[in-house]
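> task: produce atomic coordinates for the following.
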Amino acid sequence: MSACVLGSDEQFATLRRILSDAGYEEAAICRRAGVSRLDQIVTSAARREQPPPLEDTLDALTWLLLEGRALPSRASAGLLPHGLAGLLAEFGLLVESADDVRCPIALYPAENLYLLSDRTSEAADSVYPAMEANSRRFMDVLPRGKCKAFLDLCSGSGIAALVAARDFATAAFACDLGERAAQFAGFNRRLNGLTNLRVEQGNLYDPFAGRMFDCIVSHPPHVPVLKPKNLFSDGGDDGEQVGKLIVQCLPTYLSPGGEFCLLAMGLDTKEAPFEQRARTWLGDARQEFDIALVTRKLVDPADFITNSVMRGSTALQQVGQWKELFRSRGVTALVYGTLLMRRKTERRAPFTVRRQSGEMTHRRTEMDWLMRWERAAANGTGAKTALDSRLTAAPGAALSVLNHLQDGDWVAAEYKLQVDHPFHVECKIQPWIVQLLGLCNGAKTGREQLRALIANGLVAQGTSPDQFAQALVLLISEGFLQFASGSNIINSI
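As a prediction, this is how the structure comes out:
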């Protein structure tokens, strides 16, 4: 496959300026193409069948750099910004023939940066495009709090470390096993003029012996495969191979108070769910970490096998191998989601929670809130806050009641609550909680609500504030209650 060539700092700065001055920006490209994301342009069957317009500079840049189309030499001379063709050639990014020019590697805007990556995954060492849905999802859940040292493992194009170096990290580090990925990430670092980012090629933490980080993130290979094909997709036969190694080394490389974020696929088994199994990977340090898993999708093993056959990733003769593998390991579901860990600094028991992403769960803000609130719940401050604050029922909460016919009358037999923000939660509840939520209109504190419930005979006389607080903490954690002082539950603490 084609490779890039590193030039001088002046050449990189000139390329960046030419692209910026030409208006080669993500929003402008998408607006011109009538799509919401760049990957929709690259994968568009209509654009493949019918060449899109080639009328101005933005069209020419989209043709050449994003889509990799051959640009007629006559058009390139009139439409490309002055000096661009020469610079691309010096960087090894322009292939010329008698009639046209072509850019074999994608060069495109993302996160207000310019990035180099491959367009396809045909080669084993392809650099995964940052415009793909999975990469964009990773950037959505990326921790963005100020930190001194940030590490992105399995970094690919380096987009996470690039954003960290630009926006919130004093020093950022990117590491990938692939030589091509490290080369591209290094190119991207220089193209975007970031001097506080270091790119390494190596096996996970190998280049960083003796160093600790305040934030470690990874979007590692996580697709279960029987026969390896691509560096960026080979997660071993269970998909967990790389992610497990990353988690196992966290006690050595993550600083106290530090954050870890992993977007990957893991396994629920008969033995334990994914988040509980991940805790065991921490070894003797397992009690030092809080853990939250935010699931996006749960896949039945049989459905995974069927989908793999339909995609052509699994041959029919391999179906038996998959079935035996999942059976022998007790797999009940393949879980795709975000695994969050924080190394505690307090002397208390750690928490482990799971939430399901909902239609109203959009970005990192909900995950930050979850970690803050569960920490408050674990150290006791959450209970006091719940008792002393005015509470209101979540505006999006929904109640369903299952009635049974008894002696000619319908009798309520089961109450179920549902909410979609901050996460999608469904749970069965006791009747008194229905009454509590109806009363929580922001006028009373948790303590006052307890007194009212006792006075109305809805809660036993001997119920202590501490006991009641535990119920409030859980209802807040699950999104059914929020603080009246906050305009939104994620601002509640």
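> C-alpha from now on. contacts and neighbour counts both.
Fine.
> what is the neighbour count of the nearest residue in space to residue 309 that is not next to it in sequence?
Spatial nearest neighbour of residue 309, chain neighbours left out: residue 315 (6.2 Å); criterion: C-alpha to C-alpha, 6 or more residues apart in numbering. Residue 315 has 11 neighbours, counted by other C-alpha atoms under 10 Å.
> quick check: residue 315 touching residue 305?
No - contact criterion C-alpha atoms under 8 Å: residue 315 and residue 305 do not qualify, at 10.0 Å.
> residue most distant from the centroid, this structure?
What lies farthest from the middle of the chain is residue 407; by C-alpha atoms, centre = their mean that is 52.7 Å.
> spit out the contact partners of it.
Applying C-alpha atoms under 8 Å, 6 or more residues apart in numbering to residue 407 gives no contacts.
> doesn't residue 449 make contact with residue 436?
Yes - with contacts counted by C-alpha under 8 Å, residue 436 reaches residue 449, the gap being 7.5 Å.
> let me see the domain layout of this protein.
The chain resolves into domains spanning 9-110, 119-378, 385-491 when parsed by automatic domain parsing.
> the residue nearest to residue 309 and residue 306: what is the separation?
For residue 315, the distance to residue 306 equals 10 Å [C-alpha to C-alpha, to the nearest Å].
> same question for residue 443.
The value you get for residue 443 to residue 306, if C-alpha to C-alpha is used, is 54 Å.
> and the helix or strand of the chain with the lowest mean pLDDT, what does it pack against?
When the helices and strands of the chain are scored by mean pLDDT, DSSP states H and E, helix 73-79 comes last with a mean of 85. Applying 3 or more C-alpha pairs under 8 Å, 6 or more residues apart in numbering; DSSP states H and E, we find helix 73-79 packed against helix 57-61, strand 100-102.
> burial of residue 408, as a residue count?
7.
> then residue 356?
19.
> quickly find the element holding the nearest residue to it once chain neighbours are set aside.
Closest residue to residue 356 apart from its sequence neighbours, by C-alpha to C-alpha, 6+ apart: residue 295 at 4.7 Å. Per DSSP states H and E: residue 295 is located in strand 289-299.
> that strand - which strands sit beside it in the sheet, and in what orientation?
The strands that strand 289-299 pairs with in its sheet are strand 331-343 (antiparallel), strand 352-356 (parallel) (by DSSP bridges).
> show me what counts as buried in the helix or strand following the shortest one.
Reading on from strand 352-356 to the C-terminus, the next helix or strand found by DSSP H and E is helix 364-379. Across helix 364-379, burial judged by 16 or more other C-alpha atoms under 10 Å covers 364-379.
> alpha carbons only: can I get stretch 176-196 in PDB?
Below are the C-alpha coordinates for stretch 176-196, written out as PDB (Å, rounded to 0.1, in the frame of the first residue of the first chain):
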ATOM      1  CA  ASP A 176      -0.200   1.500  18.000                       C
ATOM      2  CA  LEU A 177       1.200  -1.900  17.100                       C
ATOM      3  CA  GLY A 178       1.100  -1.200  13.400                       C
ATOM      4  CA  GLU A 179       4.000   0.600  11.800                       C
ATOM      5  CA  ARG A 180       1.700   2.200   9.300                       C
ATOM      6  CA  ALA A 181      -0.600   3.500  12.000                       C
ATOM      7  CA  ALA A 182       2.300   5.000  13.900                       C
ATOM      8  CA  GLN A 183       3.600   6.600  10.700                       C
ATOM      9  CA  PHE A 184       0.200   8.100   9.900                       C
ATOM     10  CA  ALA A 185      -0.300   9.400  13.500                       C
ATOM     11  CA  GLY A 186       3.100  11.000  13.300                       C
ATOM     12  CA  PHE A 187       2.200  12.600  10.100                       C
ATOM     13  CA  ASN A 188      -1.100  13.900  11.600                       C
ATOM     14  CA  ARG A 189       0.700  15.300  14.600                       C
ATOM     15  CA  ARG A 190       2.900  17.400  12.400                       C
ATOM     16  CA  LEU A 191       0.200  18.400  10.000                       C
ATOM     17  CA  ASN A 192      -1.800  19.800  12.900                       C
ATOM     18  CA  GLY A 193       1.200  21.500  14.500                       C
ATOM     19  CA  LEU A 194       1.000  19.700  17.900                       C
ATOM     20  CA  THR A 195       4.300  19.700  19.800                       C
ATOM     21  CA  ASN A 196       2.900  18.200  23.000                       C
END
